[in-house]
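>>> build me a model:
(chains A and B)
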There are 2 protein chains.
Amino acid sequence: MTSRFTELAVDCADPDGLAGFWCAVLDYEVLDKHEGVVMIGPKAIPDDGSRGGPVPPVITFAQVPEDKTVKNRLHIDVSPSDRDQAAEVERLIGLGARRADVGQGADDSWVVLVDPEDNEFCVLAGRRP
Amino acid sequence: MTSRFTELAVDCADPDGLAGFWCAVLDYEVLDKHEGVVMIGPKAIPDDGSRGGPVPPVITFAQVPEDKTVKNRLHIDVSPSDRDQAAEVERLIGLGARRADVGQGADDSWVVLVDPEDNEFCVLAGRRP
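Numbering: from 1, shown residues only, chains lettered A, B, ... in the order given. Just a heads-up that it's a prediction; the model follows:
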C-alpha cells in the first residue's frame, strides 16, 4: 500500500448545511467539526479487521469565499441501496436536491441532480450491493 | 441504508493517462473500461462480508471537451499508509504530480499537489490505518 483515498474535500458556502444534506443522502453522521470544517462519514466505519484494506473516505466541507462558477470537474455518484432509482430521486429532491441539465443524453441510465449548493451528482440506476 | 457513495467521477482530457496516474498513487487497478470511461478501484474490493456496510468508491475518468478553468470545488485527500508525508510527496512528484499554491498557510499540515491534469489534491500528514 502507498497512499489511501481517505477524504473527499468539498469547498462550500455553508458547511453545516451541506453536511446535513449529504448526511441525509448517504445516512452518514457528523464525525468531527473543527475550525469550521465539518467531517461526515459512515456511522460504522470498520475499525479493526479492515484496517489493512481500503476504507470508505470521509467527506469534509470547508467554507470558501468564492462561489461555484462552472460545472464541477469531480462529482459524486450515488447508488440506491434499498429502493429503485425513481424512488430514491424523489427522496433526494425532498431533501433539497434539484434536477439538472448538464447535457446528458435522454437515454442515459443515470439521473443528474444538484445538491443545495449546485454541486452536480448522479443517481445511478443499478443497485450495487 | 439509502444511497451509497459508490463512484467519484472525474472529468478529464485523457482518461487512460489520468487513470494510470491515480492507479499508481492509490495502488488501484483498472476495473472496467467502457465507452471511453475508465474505472479504477482497489485491487481487493470486499465482496462478501462487507456488502452490508460502506464500501470504498471506485473512481471513473470520463473525457470532456472543456478544459479545467478554476480550482476544483471537490478534491481528493490522500493519506500515506506506509511512509511519512515527505517521502510520499516525493513519490507522487515522481509519478507526475506537482506542488501547487492554492493559498494554503505555511503552517498547514497538508501538502497541496496537482495531478497531471491540474486537479488539486492534498497529502495529509497523519497516517490513517
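
>>> and stretch A:118-129, average pLDDT?
For stretch A:118-129, mean pLDDT is 82.

>>> give me the nearest residue to residue A:29, chain neighbours excluded.
residue A:43 (5.2 Å; C-beta to C-beta, 6 or more residues apart in numbering or on different chains). Glycine gets a C-beta too; all of them are placed from N, C-alpha and C.

>>> pull the number of nearby residues for the one you found.
14 (other C-beta atoms under 10 Å in any protein chain shown).

>>> with residue A:98 instead?
Quick note: residue A:98 (other C-beta under 10 Å) scores 12 neighbours.

>>> give me the element residue A:62 is part of.
In the assignment (DSSP states H and E), residue A:62 maps to strand A:58-63.

>>> mind listing what's buried in the next helix or strand after that strand?
Using DSSP H and E, the helix or strand that follows strand A:58-63 towards the C-terminus is strand A:74-80. Buried residues in strand A:74-80, counting neighbours by 16 or more other C-beta atoms under 10 Å in any protein chain shown, are found at A:74, A:75, A:76, A:77, A:78, A:79, A:80.

>>> quick check on residue A:70: phi, psi?
phi -130, psi 170 (degrees, to the nearest 10).

>>> verify the stated contact: it with residue B:72.
No: using C-beta atoms under 8 Å, residue A:70 makes no contact with residue B:72, being 9.9 Å away.

>>> the two: who's more crowded?
residue B:72 (22 against 11).

>>> can you get me the start-to-end distance on stretch A:55-69?
End-to-end span of stretch A:55-69 (C-alpha to C-alpha, to the nearest Å): 32 Å.

>>> how about the helix or strand where residue A:22 lies: buried residues?
In this structure, residue A:22 sits in helix A:15-26 according to DSSP H and E. Neighbour-count burial for helix A:15-26 flags A:15, A:17, A:18, A:19, A:20, A:21, A:22, A:23, A:24, A:25, A:26 (criterion: 16+ other C-beta under 10 Å).

>>> please parse chain A into its domains.
Taking automatic domain parsing as the criterion, chain A consists of the domains A:1-64, A:71-129.

>>> between the ones you listed, which gets nearest to residue B:7?
Nearest to residue B:7 among the domains of chain A is domain A:71-129; the distance by C-beta to C-beta comes to 3.7 Å.

>>> grab the nearest non-local neighbour of residue A:24.
Looking at residue A:24 with C-beta to C-beta, 6+ apart, the closest residue is residue A:95, at 5.0 Å.

>>> what residues does the one you found make contact with?
The contact partners of residue A:95, by C-beta atoms under 8 Å, 6 or more residues apart in numbering or on different chains, come to A:21, A:24, A:25.

>>> show the pLDDT at it.
On the pLDDT scale, residue A:95 gets 95.

>>> ramachandran angles for it?
Dihedral angles of residue A:95 (phi, psi; degrees, to the nearest 10) stand at phi -80, psi -10.

>>> hmm, back to that, intersect the buried residues of strand A:74-80 with the contacts of chain B.
Near chain B, judged by C-beta under 8 Å from any C-beta of the partner chain, the entries from those are A:74, A:75, A:76, A:77, A:78, A:79, A:80.

>>> now those residues in CSV, with pLDDT?
As requested, those are exported to CSV (pLDDT from 0 to 100):
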residue, pLDDT
A:74, 97
A:75, 97
A:76, 97
A:77, 95
A:78, 94
A:79, 92
A:80, 91
